[in-house]
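# Here is my input, please return the structure:
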Amino acid sequence: MSPCKFARVFLRDTGTTPARFVECLRVEAARRRLEDSHDKLEKVATDCGFGSIQSLRRSFLRLLHVPPNDYRHRFTDLTGN
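Residues are numbered from 1 along each chain as shown. Model (predicted):
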């Protein structure tokens, strides 16, 4: 299957592009790491497949409408950690 054909079939079957699907998986992994660890943003970004903190930040803003640092602080404030 060619990459173009794969992308069309993937979009048809899932309702999203392969790139957006992978971005969502990475943001979900980073979100969990921010909730469950005190790792620096650099480590979270790298471990979750982002090329940089800026890339992690752009994806968080696009999908969750909040920067990663704010997400971590909000989660911490809600749980009392």
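# helices or strands next to the helix of greatest length in the chain in the packing?
Assignment by DSSP state H gives helix 18-36 as the longest helix of the chain. Packing partners of helix 18-36 (3 or more C-beta pairs under 8 Å, 6 or more residues apart in numbering; DSSP states H and E): helix 3-14, helix 41-47, helix 53-64, helix 68-79. All C-beta spots, glycine's among them, are computed from the backbone N, C-alpha and C.
# Quickly note the distance from Ala7 to Val27.
Counting by C-beta to C-beta, to the nearest Å, the gap from Ala7 to Val27 is 20 Å.
# Next: Arg12.
Using C-beta to C-beta, we find Arg12 at a distance of 23 Å from Val27.
# okay, the two: which has more neighbours?
Val27 (20 against 8; other C-beta atoms under 10 Å).
# List the contacts of the more buried one.
48, 59-60, 63-64 (C-beta atoms under 8 Å, 6 or more residues apart in numbering).
# let's see 6 Å
59, 63 (C-beta atoms under 6 Å, 6 or more residues apart in numbering).
# What of Phe60?
Contacts here follow C-beta under 6 Å, 6+ apart; on that basis Phe60 touches 67-68.
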